[in-house]
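1. What would the 3D arrangement of this be:
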Amino acid sequence: MSGWQEFPWQAGDPDPARDRLCSGRAKLLDCRIEGANFAREPAPAKDEIVVCAYNVERGLRLDAQLRAFTDDPGMPAPDILLLSEADRGCTRSGNRNVAREYAQALGMCYVYGVEFIELPRLWGPGGRVARRCEHGNAIVSRYPLGNVRLVRHRFSRSWNSAWQRVLHIGEPRLGGRMALTADVRIGGRLLRVYAVHFESGRADPHRLAQAQELIEDAADVPHGVLAGGDMNVGRYLGLRHFPGEPAEEPATTALFAAGYADAHAALPPDQRATTDSGVAIDLLFGRGVRFTAAGIGPRCIWGGLSDHLPVWARLAF
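-> Modelled structure (predicted):
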């Protein structure tokens, strides 16, 4: 297939606590992309596939998450998973390589890119971090992945304040928000996917800049494009609104203006919440594709496995 270069799958079983992917300081990280192929046989091409986006909350409850993908009768088996907040070699999540274990358990291939180097802390979200470790996004796929890149956002707030470093509390980190992108080869077709994790915080201006960077990166892609993950767009759908702030969410507005569609648009807003705070921030947006069905993992199965619910969609070419 012209213009498509399969990712050079890596052999061996790296020790995530020792074999680090990144070097550098602050936002100027130089990071390798990790990837391996655990597919037992080539997946047959289909005209319709299932894509799922899931913020795994560091993989703190990884084994239960993997069981849920088998136990949830309402969640169709995903062909592509877009993961965010996946730990690699962190003491808080048992020093596990979360994205790699997803791929191994599901018999798929994966690529993983580092968003942050997590710095030691006594306490903070997810618990104590005893030593530096890595945290990022992954694409897990039943189909081959090629043209893989890590897109480090130019506009990203710092998570590396002096008081956090000195006191070893909160979330001291090196790096910044990023998207991991790849072209998925499905028979004779390509699909460009982006595993995203936009900036958090109320009305954070970086989110719009990051959405615009994604739009620009995909502007010349001649085939279908799908972006999914934790977009942190708390004002989207008006499910939560703070006095004095505009109701419109600029990041999602920019995606709509660029021709992207929300996979879950047919669901009523009151059924869209993906977090305990009642907002819809885990989203799938597509351009040049058609969504035929979409859903959200039910809280009776997925609640407590992460601080986010997974979202899925059937996508037709």
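
2. Any idea which helix or strand in the chain has the lowest mean pLDDT?
-> helix 162-167 (a mean of 59; mean pLDDT, DSSP states H and E).

3. Just checking, which helix or strand succeeds that helix along the chain?
-> strand 173-175 (DSSP states H and E).

4. sec struct for Leu237, please.
-> helix (DSSP: H, G, I helix; E, B strand; the rest coil).

5. So it sits against Ala280, correct?
-> Yes. Between Leu237 and Ala280 there is a contact under C-beta atoms under 8 Å: 5.4 Å. To be clear about C-beta, it is placed using only N, CA and C from the backbone, and glycine gets the same treatment.

6. more neighbours, these two?
-> Ala280 (27 against 22; other C-beta atoms under 10 Å).

7. So which residues of the stretch 51-200 of the chain form strands?
-> Ranges of strands within the stretch 51-200 of the chain are 80-88, 109-118, 133-141, 145-152, 173-175, 178-186, 189-197, based on DSSP state E, counting those that start in this stretch.

8. For those, which has the smallest mean pLDDT value?
-> When the strands of the stretch 51-200 of the chain are ranked by mean pLDDT, strand 173-175 comes last with a mean of 89.

9. which helices and strands sit right next to that one?
-> strand 109-118 (3 or more C-beta pairs under 8 Å, 6 or more residues apart in numbering; DSSP states H and E).

10. just the angle between the strand it packs on and strand 189-197, please?
-> 20 degrees (axes from the mean of the first three to the mean of the last three C-alpha atoms, to 10 degrees).

11. Use 3 as the first number from now on
-> I'll keep to 3 as the first residue from here, and by that count the last item is strand 111-120.

12. now for strand 111-120, which elements pack on it?
-> Using 3+ C-beta pairs under 8 Å, 6+ apart, strand 111-120 is in contact with strand 36-39, strand 82-90, helix 100-108, strand 135-143, strand 147-154, strand 175-177, strand 180-188.

13. Surely Ile283 is in contact with Arg237?
-> No. Using C-beta under 8 Å, Ile283 is not in contact with Arg237; the gap is 9.8 Å.

14. Apart from its chain neighbours, what residue comes closest to His266?
-> Ala296 (4.6 Å; C-beta to C-beta, 6 or more residues apart in numbering).

15. Ile283 and Arg237: which is more packed in?
-> The residue with more neighbours, out of Ile283 and Arg237, is Ile283; 26 against 23, by other C-beta under 10 Å.

16. The more buried one and Gly37: what is the separation?
-> Distance, Ile283 to Gly37, by C-beta to C-beta, to the nearest Å: 27 Å.

17. for Gln273, same thing?
-> The value you get for Gln273 to Gly37, if C-beta to C-beta is used, is 35 Å.

18. which one of these two has more residues nearby?
-> Gly37 (22 against 10).

19. so who does the more buried one touch?
-> Phe9, Pro10, Trp11, Gln12, Cys111, Tyr112, Val113, Tyr114, Leu147, Val150 (C-beta atoms under 8 Å, 6 or more residues apart in numbering).

20. Name the member of those residues with the most neighbours.
-> Neighbour-wise, these (other C-beta under 10 Å) top out at Tyr114, 31 neighbours.

21. what's the helix or strand where the residue nearest to His266 lies in contact with?
-> Ala296 belongs to strand 292-298 when assigned by DSSP H and E. Under the criterion C-beta under 8 Å, 6+ apart, residues 50, 76-77, 263, 265-266, 268-269, 273-274, 276, 286, 311-319 lie in contact with strand 292-298.

22. For it, buried residues please.
-> Phe293, Ala296, Gly297, Ile298 (16 or more other C-beta atoms under 10 Å).

23. Run through who's touching whatever helix or strand comes next after that strand.
-> Once strand 292-298 ends, the next helix or strand along the chain (criterion: DSSP H and E) is helix 301-304. Residues outside helix 301-304 that contact it (C-beta under 8 Å, 6+ apart): Ala70, Asp73, Asp74, Met77, Leu311, Pro312.

24. which of these lies closest to Ala55?
-> Relative to Ala55, the closest of those is Pro312; by C-beta to C-beta it sits at 6.9 Å.

25. any low-confidence regions in the protein?
-> By pLDDT under 70, the low-scoring segments of the chain are 3-4, 26-30, 162-172, 241-249.

26. roughly how far apart are Gly305 and Leu64?
-> Gly305 sits at a distance of 16 Å from Leu64 (criterion: C-beta to C-beta).

27. typo on my end, Thr72
-> Thr72 is 14 Å from Leu64, by C-beta to C-beta.

28. and if you look at Phe157?
-> 31 Å.

29. go on, Tyr56?
-> If you go by C-beta to C-beta, the gap between Tyr56 and Leu64 works out to 12 Å.

30. Compare those two and say which one has the larger neighbour count.
-> Tyr56 (30 against 23).
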